[in-house]
Each structure stands twice: as structure tokens, then as C-alpha cells.
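>>> got a predicted model here, sequence first, then my questions.
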Amino acid sequence: MEIEAMTVLAGALVALPALGAAIGLGLYTAAYAAGVARNPEAKKQLDEKFFIVLAFIEALGIIPIGIGAALLFG
């Protein structure tokens with residue numbers, strides 16, 4: 001019984017990094033929008049880096065959700 005409760009707790013706590021990734025995505029996107037608004041000529045340079053970093057931030061949110069699902073349902 002205690003092991004099952006700890007597994008559920010661990011699965012729930014592993015999802016916390018997803019919250020941090022969501023906050024990070026919002027801040028990063030806001031900074032990108034502000035950068036493009038201030039200097040529209042630099043949009044091409046900003047786009048190259050924006051989508052790469054966006055993918056890494058998104059992965060940091062998706063991986064813990066997968067680990068949490070594996071703990072809860074595996």
C-alpha cells in the first residue's frame with residue numbers, strides 16, 4: 001500500500017518540471033516578440049535561434065511527463 005502511494009506521489013511530482021517549462025516558454029516567447037518588435041530587421045537571425053531553443057524547452061517539459069506516466073501506469 002505504501003509503495004503504491006509513493007509511486008503516485010512520485011508520478012505527480014515529476015510533472016512539476018512541466019510547469020517550469022510552460023513558464024519558460026511564455027517568458028522566452030515574450031522576449032522573442034519584444035526583440036522582433038524592437039528590431040524587425042533581425043527577425044531572420046532571431047528565428048534561427050528561436051525555434052531551436054523552443055524545441056529544447058519543449059523537450060524539457062515533455063520528458064518529465066513521459067517519466068511520470070511511466071511511473072503511474074507502468
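Arrived safely, thanks for sending.
>>> and the strand or helix carrying residue 51, how far from the chain's centre?
Per DSSP states H and E: residue 51 is located in helix 43-73. Mean C-alpha position of helix 43-73 versus that of the full chain (C-alpha atoms, centre = their mean, to the nearest Å) differs by 5 Å.
>>> what's the burial count for residue 30?
10 (other C-beta atoms under 10 Å). Any C-beta I mention is one placed from the backbone N, CA and C, and that applies to glycine too.
>>> list the contacts for it?
Neighbouring residues of residue 30 by C-beta atoms under 8 Å, 6 or more residues apart in numbering: there are none.
>>> can you tell me how far residue 51 sits from residue 28?
From residue 51 over to residue 28 the distance is 11 Å, taken as C-beta to C-beta, to the nearest Å.
>>> these two: which is more packed in?
residue 28 (14 against 10).
>>> burial check on the residue nearest to the more buried one when sequence neighbours are not counted, number of neighbours?
Spatial nearest neighbour of residue 28, chain neighbours left out: residue 57 (6.3 Å); criterion: C-beta to C-beta, 6 or more residues apart in numbering. Counted with other C-beta under 10 Å, the neighbours of residue 57 add up to 18.
>>> is residue 57 in contact with residue 24, as I believe?
Yes: look at residue 57 against residue 24 with C-beta atoms under 8 Å: they come within range, at 5.2 Å.
>>> put the alpha carbons of the strand or helix carrying residue 37 into PDB.
Using DSSP H and E, residue 37 maps to helix 16-38. Written as PDB, here are the backbone C-alpha positions of helix 16-38 (Å, rounded to 0.1, in the frame of the first residue of the first chain):
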ATOM      1  CA  LEU A  16       6.300  19.800 -11.800                       C
ATOM      2  CA  PRO A  17       9.100  20.500 -14.300                       C
ATOM      3  CA  ALA A  18       6.400  20.700 -17.000                       C
ATOM      4  CA  LEU A  19       5.100  23.700 -15.100                       C
ATOM      5  CA  GLY A  20       8.500  25.300 -15.200                       C
ATOM      6  CA  ALA A  21       8.800  24.600 -18.900                       C
ATOM      7  CA  ALA A  22       5.500  26.300 -19.500                       C
ATOM      8  CA  ILE A  23       6.600  29.400 -17.700                       C
ATOM      9  CA  GLY A  24       9.900  29.300 -19.500                       C
ATOM     10  CA  LEU A  25       8.100  29.000 -22.900                       C
ATOM     11  CA  GLY A  26       6.000  32.000 -22.100                       C
ATOM     12  CA  LEU A  27       8.900  34.200 -21.000                       C
ATOM     13  CA  TYR A  28      11.100  33.100 -23.900                       C
ATOM     14  CA  THR A  29       8.300  33.800 -26.400                       C
ATOM     15  CA  ALA A  30       7.600  37.200 -24.900                       C
ATOM     16  CA  ALA A  31      11.300  38.100 -25.100                       C
ATOM     17  CA  TYR A  32      11.400  37.000 -28.800                       C
ATOM     18  CA  ALA A  33       8.300  39.100 -29.600                       C
ATOM     19  CA  ALA A  34       9.800  42.100 -27.900                       C
ATOM     20  CA  GLY A  35      13.100  41.600 -29.800                       C
ATOM     21  CA  VAL A  36      11.400  41.400 -33.100                       C
ATOM     22  CA  ALA A  37       9.200  44.400 -32.300                       C
ATOM     23  CA  ARG A  38      12.300  46.500 -31.400                       C
END
